[in-house]
Each structure stands twice: as C-alpha cells, then as structure tokens.
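1. Build me a structure from this.
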Amino acid sequence: MEKVIRKISLKDKRNYDLEYWLSKTPHERIYAIELLRKQLYENRDGSTPRLQKILKIIKRKQKS
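-> Coordinates of the predicted model:
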C-alpha cells in the first residue's frame, strides 16, 4: 500500500478518502480491511484470537 499525503484547505468539501478507496480494486480494499483487522485483534505474542468451542451435553428423557 503506497502512502499518499495531500495538503487541503478546510474549506475544501471534497471527500478525498472516498475518492481514494473508490480508485482501488475490490481485492485491494479487502486486503486493506484484513490488514487493519489483524492489527486490531492480534495478541502481544503474535497469535490471533480464535472462537472458543463450547460443548454442552444434555441428557434427554427417552420417549415412551
């Protein structure tokens, strides 16, 4: 991902963020989201959290 720096006036109403992301392919957008998601959820040891498996055994009454 290349860094883009743009100096703009506060009076400028254009949405440069939207223009930037619309110029990217869907694959590049998904890659960027995945990169941000990994950075957010990565543990200090470098591993990513997983969903816990929760099992509950229920004894059912037999039908007569």
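2. which one's the longest helix in this protein?
-> Assignment by DSSP state H gives helix 26-41 as the longest helix of the chain.
3. mind checking how far that one is from the chain centre?
-> The chain centre lies 5 Å from the centre of helix 26-41; the measure is CA atoms, centre = their mean, to the nearest Å.
4. At the geometric centre of the chain, which residue sits there?
-> Arg37 (3.5 Å; CA atoms, centre = their mean).
5. Relative to Asn43, how far out is that residue?
-> Remark: distance between Arg37 and Asn43 (CB to CB, to the nearest Å) = 14 Å. Glycine gets a C-beta too; all of them are placed from N, C-alpha and C.
6. Skip the chain neighbours and tell me the closest residue to Arg6.
-> With CB to CB, 6 or more residues apart in numbering as the criterion, Arg6 has its nearest non-adjacent residue at 5.9 Å, and that residue is Tyr16.
7. doesn't Lys7 make contact with the one you found?
-> No - judged on CB atoms under 8 Å, Tyr16 makes no contact with Lys7 at a distance of 10.8 Å.
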